[in-house]
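Asks: Here is the input, now give the coordinates:
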Amino acid sequence: MELLCFLSWRVAPLLLLMPCSSKSINVRILNVEPVHVIPGTNLLLRAHIEASAQERLTVITWERETETGPTPNRVTLATCPGSSDSPCAGTKPNVQANMGDQGTTLEISEYEPSDGGDYIVTATLQDGNKTSARCIVREYEAVHHVSVSINVSHSVLVCAEAWGTEPNFSWLYNRMALTQTVGKVSQDGTTLRITQSPICGIFTCRVGNKLGSATATYTAVQCESQEDNSGTVAAVVCVLLLLTCGGLLGLLLWWHRRGGSSSRERLREHVDDNS
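Replies: Prediction:
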């Protein structure tokens, strides 16, 4: 009896130190959030589910929750069995879900702005434990209200846009591509540091995305006088060219007439000598 007690006291700590077979499950949505969807197109979300060999999935659930509001409203979009043997069931005609060996997908056709929100995929185990992953889905917005402002003290133009999705910024100078002699654009394209002096010309900021583009311009006041001067100089040059051409033409005519008169005088002298 004492030997059994001695062995139990020795074996018990060893059992506690032995590694247990842990039960774990990992769920993650593969889409990079936030996911922006153009209305009328299809939304496709992919989720990866990784479970240990000891665990058995019983059901996969796709849900959507309102992103804003005091009391988020959650609705079920589709449910799938724990295996790919049975099909998934969507709650609406435009909702389709699928279950694969390593994950699940959710597709919503003809996306509408009301379909935006916080999408949740939940994996439920046989013992009742649940693991979820979330992804924000929003409407893809067109570019709105482009504006250009200037920081005169730093010779910097700043382009801003209201709320368009994935805006791309680019600059034009006098409606042509911008060159390094005019200025340098920041990495995100929103700022133009003007390097030419004085600041002159029409600066245009163009902002676009998948749904179109919009522009805004800034016109430097100094350009008006410089344009007038350049026009005056061009007019003066044209007048000088016309005067020069006219003078050369007159000289040629005079030379031609003088040559004709000399010929007639020589002919008359020759006739007089013969008589």
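Asks: can you pull out the strands in the stretch 1-150 of the chain?
Replies: 25-29, 35-37, 43-51, 57-65, 74-81, 89-90, 95-99, 103-108, 117-125, 130-139, 147-151 (DSSP state E, counting those that start in this stretch).
Asks: Let me have the ones you listed in CSV, adding mean neighbour count as columns.
Replies: Any C-beta I mention is one placed from the backbone N, CA and C, and that applies to glycine too. Formatted as CSV, the strands of the stretch 1-150 of the chain follow (neighbours: other CB atoms under 10 Å):
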stretch, mean neighbour count
strand 25-29, 17
strand 35-37, 18
strand 43-51, 18
strand 57-65, 19
strand 74-81, 18
strand 89-90, 16
strand 95-99, 20
strand 103-108, 22
strand 117-125, 21
strand 130-139, 16
strand 147-151, 14
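Asks: Using the three-state scheme, assign R257.
Replies: helix (DSSP: H, G, I helix; E, B strand; the rest coil).
Asks: ok, so what distance separates the closest residue to G90 other than its chain neighbours from P198?
Replies: Nearest non-adjacent residue to G90, counting by CB to CB, 6 or more residues apart in numbering: A78, 4.4 Å away. According to CB to CB, to the nearest Å, A78 stands 64 Å off from P198.
Asks: can the strands of the stretch 1-150 of the chain go into CSV with extra columns for mean pLDDT?
Replies: Formatted as CSV, these follow (pLDDT from 0 to 100):
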stretch, mean pLDDT
strand 25-29, 93
strand 35-37, 97
strand 43-51, 94
strand 57-65, 95
strand 74-81, 95
strand 89-90, 96
strand 95-99, 95
strand 103-108, 96
strand 117-125, 96
strand 130-139, 96
strand 147-151, 95
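Asks: Quick one: the ones you listed as TSV, columns for distance to N174 too.
Replies: What follows is the strands of the stretch 1-150 of the chain, written out as TSV (distance: least, CB to CB, whole Å):
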stretch	distance to N174
strand 25-29	48
strand 35-37	34
strand 43-51	43
strand 57-65	50
strand 74-81	53
strand 89-90	56
strand 95-99	52
strand 103-108	47
strand 117-125	46
strand 130-139	37
strand 147-151	15
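Asks: quick one, which of the ones you listed is nearest to W171?
Replies: Proximity to W171 (CB to CB) singles out strand 147-151 among these, at 9.5 Å.
Asks: Show residues contacting the closest one.
Replies: By CB atoms under 8 Å, 6 or more residues apart in numbering, the residues outside strand 147-151 that reach it are V156, L157, V158, C159, A160, E161, F203, C205, A216, T217, Y218.
Asks: If any of those residues are buried, give me the PyMOL selection for them.
Replies: Selection of buried members from those for PyMOL, criterion 16 or more other CB atoms under 10 Å:
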select buried, resi 157+159+161+203+205+216+218
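Asks: which residues does N98 bridge with?
Replies: T105 (DSSP bridges).
Asks: let's number from 22 now, not from 1
Replies: Got it, the first residue is 22 from now on, which makes the last one we talked about N119.
Asks: Okay, it and W83: tell me how far apart.
Replies: 11 Å.
Asks: Which neighbours do these two have in common?
Replies: Contacts common to N119 and W83, judged by CB under 8 Å, 6+ apart, are C101, T125.
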